[in-house]
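[1] Sequence plus predicted model, see below.
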Amino acid sequence: MTFLPVVERELRIATRKRATYWARVGAAVAGVLIMMWAIMTVGALVSPTILGKRLFMVLSSLGFFYCLWPGVILTSDCISSEKRDGTLGLLFLTDLHGYDVVFGKLLGTSLSAFYSLLALIPALGVPLLLGGVTGGELARMSLVLANTLFLSLSVGMLMSVLSLRAQRSMLATAALVMGMTYLLPLAGMLGRIFSPLTSFKFAFDLNYGAMPALYPGSLMGVQLFCWAMLCLACWWAPQSWQVKLPSPGRAVVEESRKGARQRVKSVIGERSAVEWLTSRQSQRGWIWGSLGVALLVWAIGPSTGMRKMLAFWIIVGALFLQFILQFWLAWEACRRLHEERVNGSLEVLLSTPLSVDEILFGHFKALKQQFMPLVAAVALFDVLTFLWVVLQSSISTAELPEFFVVIASIVTSLVVNSLALVWLGLWRGLWRRNIMRAALGTLLRVVILPLIVFLVVVTVMVNSGSGRVTLPTQIAAAWLIIGGANAYFFYCGSRDRLRAQFRRLAAVEDRRMGIRFEKLLEPYEVEQDYALVR
């Protein structure tokens, strides 16, 4: 028998995916764009040595934060999805062992993340040419990033083995990785050894020279934890497929025992049929949990020396919570129609007298009911933190209006982007084969794309203006205009495309037919429709 046969199969599949190649290209392009933006905005104000130090610190911080999330996105649902589909037990009917499946899935799903890290490391070497950065710092930071990536992937693999639902596995992975990174160092020296944040801080020459033994100790501690997670996953994987799936009628039986039939009938009478069907299994607990973990991680900042930059840290926290909420919104929007198309319930709905508009707006209302309290909570957090800054007198009276405008623009962009994410997520979830790719593509178009355009506009404002041309009010106005125009474009376009192409896409079972985004906008002939469905 071939050693680790699943590894070979998963690597062959990963090498045929376009995302494997585009991920490393995107990482390299992102690193180059960040360097160009820093040189164009800050290069003329500081010396090359200081620019090299700052640029290395920014790129290292962004790379470290990136390495914390591949486990949430890539490995946290790779085995749990097999359990939900009922195919994991078939693998263990053969001579395969737990380590065959675990390491095969680990290497296959993490290939794109590893390639992205390899593409980012040469960008970290550019500050070495500018000065202020030594070769030892670059080597140590490269090891830290690889170690952190391995930690995230290992934790995600274990949670995927232990969990059945994708949301719970992703939330548990994010909570454990963030807890080890930012909360574990508060437990003392023993906690600092098992935290990747310790090795990140001591990779720089200033900290490494003070305590050189703490850097390799932290690397080894994280490695031991990672291999312990993988060994536990290998041991539990052959037994995890025997977990019984929850019966669809179990919740109905339990509610009937509690006398909930009358309440269900009254709810159905007040709502549309599609809204009730899509919202009966909607849950917000795991989203509240992810926001709570993010808030706890963010709250460590003011207690560890960020009080001098309290206004800046408030803006960072608001954007961080907003990004997490927008990720879950894009995930849920893509998941709804995708799962209904796969399990065939969408065709059942289309065979009823319900119109396409009723089906779409039923999903929209269900998502609105699920996420409106969350959006309101994040907006309320922004307002309360603004009032806290005012009471703490952390900024001068003259800067209060500018800070208020920035917070107001952040809250407004959250509401506007949420509408665009719902409709674009429904659209991409309907015709994409993979939910995660659909969600990431939705975030890329609604959140990341306007951010890139905004940074370009700010760069032009800095280089072409004189005096205080880059006031926070002007920056906030540019952010609102760019983000609002982008959100309006995808909101209107996605809604119109869903109405026009909904029945045709719902009937297509295979996504491998080369359907492109642009072709869906073109009218089809009868022969083309028949060939597409066939």
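    In hand now; what should we look at?
[2] Could you give the number of residues near F361?
    Residues within reach of F361, counting by other CB atoms under 10 Å, total 16. For the C-beta atoms, the positions are set from N, CA and C on the backbone; glycine is no exception.
[3] Can you mark which positions in the helix or strand hosting it are buried?
    Taking DSSP states H and E as the definition, F361 sits inside helix 356-392. Within helix 356-392, the residues that count as buried by 16 or more other CB atoms under 10 Å are 356, 359-368, 370-371, 374-375, 378-379, 381-382, 385-386, 389.
[4] pLDDT weak spots in the protein?
    Low-confidence segments of the chain (pLDDT under 70): 1-3, 43-44, 242-282, 301-311, 392-399, 462-471, 508-534.
[5] In it, which residue is most central in space?
    By CA atoms, centre = their mean, the mean C-alpha position of the chain lies nearest to F327, the distance being 5.3 Å.
[6] can you state the direction angle for the helix or strand harbouring D496 and helix 356-392?
    Using DSSP H and E, D496 sits in helix 472-507. Here the directions of helix 472-507 and helix 356-392 differ by 160 degrees (axes from the mean of the first three to the mean of the last three CA atoms, to 10 degrees).
[7] residues touching M229, list them.
    S154, V155, M157, L158 (CB atoms under 8 Å, 6 or more residues apart in numbering).
[8] please redo it, this time with the cut-off set to 7 Å
    S154, V155, L158 (CB atoms under 7 Å, 6 or more residues apart in numbering).
[9] and of those residues, the nearest to W69?
    V155 (11.2 Å; CB to CB).
[10] okay, now that closest one: neighbour count?
    For V155, using other CB under 10 Å, the count is 27.
[11] now do the one 5 residues further on
    Using other CB under 10 Å, S160 has 32 neighbouring residues.
[12] packing partners for the helix holding F361?
    helix 273-279, helix 310-343, helix 400-431, helix 472-507 (3 or more CB pairs under 7 Å, 6 or more residues apart in numbering; DSSP states H and E).
[13] the helices in the stretch 1-150 of the chain, which residues?
    Per DSSP state H, counting those that start in this stretch, the stretch 1-150 of the chain carries helices over the ranges 5-15, 18-42, 48-67, 70, 80-85, 88-91, 98-124, 126-130, 135-162.
[14] what's the spacing between the fifth one and its chain's center?
    Taking CA atoms, centre = their mean, to the nearest Å, the mean C-alpha location of helix 80-85 is offset from the chain mean by 21 Å.
[15] Send over that helix as PDB, restricted to the C-alpha atoms.
    Output of helix 80-85 as PDB, limited to C-alpha atoms (Å, rounded to 0.1, in the frame of the first residue of the first chain):
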ATOM      1  CA  SER A  80     -16.800  17.800   9.100                       C
ATOM      2  CA  SER A  81     -18.100  18.300   5.600                       C
ATOM      3  CA  GLU A  82     -17.200  14.700   4.900                       C
ATOM      4  CA  LYS A  83     -19.100  13.600   8.000                       C
ATOM      5  CA  ARG A  84     -22.200  15.600   6.900                       C
ATOM      6  CA  ASP A  85     -22.100  14.100   3.400                       C
END
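[16] give the contact list for L106.
    So L106 contacts T75, L153, M157 (CB under 7 Å, 6+ apart).
[17] Could you rerun that using 6 Å?
    Counting by CB atoms under 6 Å, 6 or more residues apart in numbering, L106 touches M157.
[18] now it: how far from I452?
    Applying CB to CB, to the nearest Å, the value for L106 to I452 is 32 Å.
[19] do N147 as well
    On the measure of CB to CB, N147 and I452 end up 29 Å apart.
[20] Between those two, which has more neighbouring residues?
    N147 (20 against 14).
[21] in terms of contact, does the more buried one touch V222 like I think?
    Yes. Counting by CB atoms under 6 Å, N147 does reach V222; the two are 5.4 Å apart.
[22] Identify all contacting residues around stretch 319-332.
    Residues from elsewhere that reach stretch 319-332 (CB under 6 Å, 6+ apart): 287, 290, 294, 371, 374, 378, 414, 421, 425, 439, 442-443, 447.
[23] what's the answer for stretch 121-134, then?
    Stretch 121-134 is contacted from outside by 31, 35, 48-49, 51-53, 55-56, 59, 138, 142, 205, using CB under 6 Å, 6+ apart.
[24] if we go to 7 Å?
    By CB under 7 Å, 6+ apart, the surrounding residues in contact with stretch 121-134 are 28, 31-32, 35, 48-53, 55-56, 59-60, 135, 138, 141-142, 205.
[25] in it, what's buried?
    Per 16+ other CB under 10 Å, stretch 121-134 contains these buried residues: I121, A123, L124, V126, P127, L130, G132, V133.
[26] Next, give me the two most distant ones among these.
    I121 and G132 (18.2 Å).
[27] Who are the contact partners of A14?
    Counting by CB under 7 Å, 6+ apart, A14 has contacts T20, G108, L111.
[28] can I get the helices of the stretch 1-150 of the chain in JSON lines with distance to F312?
    What follows is the helices of the stretch 1-150 of the chain, written out as JSON lines (distance: least, CB to CB, whole Å):
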{"stretch": "helix 5-15", "distance to F312": "40"}
{"stretch": "helix 18-42", "distance to F312": "16"}
{"stretch": "helix 48-67", "distance to F312": "14"}
{"stretch": "helix 70", "distance to F312": "27"}
{"stretch": "helix 80-85", "distance to F312": "38"}
{"stretch": "helix 88-91", "distance to F312": "47"}
{"stretch": "helix 98-124", "distance to F312": "24"}
{"stretch": "helix 126-130", "distance to F312": "23"}
{"stretch": "helix 135-162", "distance to F312": "24"}
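[29] Of the ones you listed, give the one that comes closest to Y488.
    Y488 lies closest to helix 18-42 among the helices of the stretch 1-150 of the chain, at 25.4 Å (CB to CB).
[30] Show me the contact partners of the closest one.
    Contacts of helix 18-42 with the rest of the structure, by CB under 7 Å, 6+ apart, involve 14, 51, 54-55, 58-59, 111-112, 115-116, 118-120, 123, 126, 437, 455, 459, 462-463.
[31] Please spell out the PyMOL selection for the buried subset of the residues you listed.
    Remark: buried members of the contacts of helix 18-42, expressed as a PyMOL selection using 16+ other CB under 10 Å:
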select buried, resi 14+51+54+55+58+59+111+112+115+116+119+120+123+126+462
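[32] Need phi/psi at T94.
    phi -90, psi -160 (degrees, to the nearest 10).
[33] Looks like Y208 contacts Y215 (just checking).
    Yes. If you go by CB atoms under 7 Å, Y208 and Y215 touch, sitting 5.8 Å apart.
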